[in-house]
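Asks: Pasting the sequence and the predicted coordinates here, then a few questions.
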Amino acid sequence: MSFLSAEEKGLVNGLWGKVNVDEVGGEALGRLLVVYPWTQRFFQSFGDLSSADAIMGNSKVKAHGKKVLNSFSDGLKNIDDLKGAFAKLSELHCDKLHVDPENFRLLGNVLVCVLAHHFGHEFNPQVQAAFQKVVAGVASALAHRYH
Amino acid sequence: MVHFTAEEKAAITSLWGKVNVEEAGGEALGRLLVVYPWTQRFFDNFGNLSSESAIMGNPKVKAHGKKVLTSFGNAVKHMDDLKDTFAELSELHCDKMHVDPENFKLLGNMILIVLATHFSKEFTPQVQAAWQKLTTAVANALAHRYH
């Protein structure tokens, strides 16, 4: 059984094709750090995170956001095997980075907000529903190898 | 008690002033029912909820969404006293409606998404952060009298 229906895949890929992955990545990570300030603890080496403007303009935040979202984008190409696609990253986030998996859900929610913000009414309820499913699947895949 | 800074209060009230409560309320509730279909169980007597377009066009969904978001407007007026403001509604949702409080967080997220789609200029990271804080605090206030 597929994770997404053919229709849902169409909606996700249709919107994703219009996303500037580098830009949206930086914005999503930045907004995570602003909206959920405790997440800044994972990025102590990133320099100035002292205000929303500092965070959103921070070049390390942008670079890392770009990296994260490109990885998410790769995951979308393997949408029927997210656990396999994210197995190594799951181990990394558990064993080396020690990130509470709840943060993957928070980043997923922030990404959905950023897409809603960028695409306005084009981000209609069906598109939203498909993307919520995807971010939940990715968060779950990233938590899968935790022990 | 949740403390909102002067800036957060200003960010919240300034955006609220531009919200079409009737429209946004219907849309937020509709999106909840589409994105998280199990929530439809609370609205069995609302008629046709069989598809996304049926839900978003359903007059009972729109009317109830308006009612819910109008009530949310009280939160904006009483940010320093949310638990008391929502005490009766909390008891109602527990004792009469038997709603799992997790759903309040889900609806809060839908409100944010609707704001993001409607307000491309105003929905800055700081505004998002303030509104995320508010919806979380309202969800907690609504859960506060559960027993």
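Replies: Perfect, thanks for sending it.
Asks: what about the helix or strand where A:Val12 lies and chain B, any contact?
Replies: Using DSSP states H and E, A:Val12 sits in helix A:6-16. No. On the criterion Cβ under 8 Å from any Cβ of the partner chain, helix A:6-16 is out of touch with chain B, staying 10.8 Å away. Just so you know, the C-beta spots here come from the backbone N, C-alpha and C atoms, and that holds for glycine as well.
Asks: Briefly note if the helix or strand just after that helix comes near chain B.
Replies: For helix A:6-16, the succeeding helix or strand toward the C-terminus, using DSSP H and E, is helix A:21-35. Yes. Under the criterion of Cβ under 8 Å from any Cβ, chain B is reached by helix A:21-35 at A:30-31, A:34-35.
Asks: Output those as JSON lines; include the columns pLDDT and distance to A:Gly84.
Replies: Below are those laid out as JSON lines (pLDDT from 0 to 100; distance: Cβ to Cβ, whole Å):
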{"residue": "A:Gly30", "pLDDT": "98", "distance to A:Gly84": "30"}
{"residue": "A:Arg31", "pLDDT": "98", "distance to A:Gly84": "29"}
{"residue": "A:Val34", "pLDDT": "97", "distance to A:Gly84": "33"}
{"residue": "A:Val35", "pLDDT": "97", "distance to A:Gly84": "31"}
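Asks: And those, which two are furthest apart?
Replies: Pairwise distances across these (Cβ to Cβ) peak at 9.5 Å, for the pair A:Gly30 and A:Val35.
Asks: so who does B:Ser71 touch?
Replies: By Cβ atoms under 8 Å, 6 or more residues apart in numbering or on different chains, the residues touching B:Ser71 are B:Leu89.
Asks: thinking again about what came up before, quick one: which of the residues of helix A:21-35 next to chain B is most hemmed in?
Replies: Highest neighbour count within these: A:Arg31, with 27 neighbours (other Cβ atoms under 10 Å in any protein chain shown).
Asks: from memory it sits against A:Val114, does it?
Replies: Yes. Assessed by Cβ atoms under 8 Å, A:Arg31 is found in contact with A:Val114 at 6.4 Å.
Asks: what's around B:Asp100, how many residues?
Replies: 14.
Asks: Give me the secondary structure label for it.
Replies: The local conformation at B:Asp100, judged by DSSP: H, G, I helix; E, B strand; the rest coil, is coil.
Asks: So what does it look like in phi/psi?
Replies: phi -60, psi 120 (degrees, to the nearest 10).
Asks: roughly how far apart are B:Ala141 and B:Asp100?
Replies: 16 Å (Cβ to Cβ, to the nearest Å).
Asks: and for A:Gly30 and A:Val35, which residues touch both?
Replies: Joint contacts of A:Gly30 and A:Val35 (Cβ under 8 Å, 6+ apart) are B:Pro125.
Asks: Which strand or helix spans residue 69?
Replies: This is for chain A. Following DSSP H and E, one finds A:Leu69 within helix A:59-76.
Asks: hm, I was asking about chain B
Replies: Applying DSSP H and E, one finds B:Leu69 within helix B:59-77.
Asks: got the buried residues for that helix?
Replies: If you call a residue buried by 16 or more other Cβ atoms under 10 Å in any protein chain shown, then helix B:59-77 has these buried ones: B:61-62, B:64-66, B:68-69, B:71-72, B:75-76.
Asks: How about stretch A:56-76?
Replies: Buried, per 16+ other Cβ under 10 Å, within stretch A:56-76: A:56, A:58, A:61-62, A:64-66, A:68-69, A:71-72, A:75-76.
Asks: for stretch A:4-15, same thing?
Replies: Of the residues in stretch A:4-15, those buried by neighbour count under the rule 16+ other Cβ under 10 Å are A:4, A:8-9, A:11-12, A:15.
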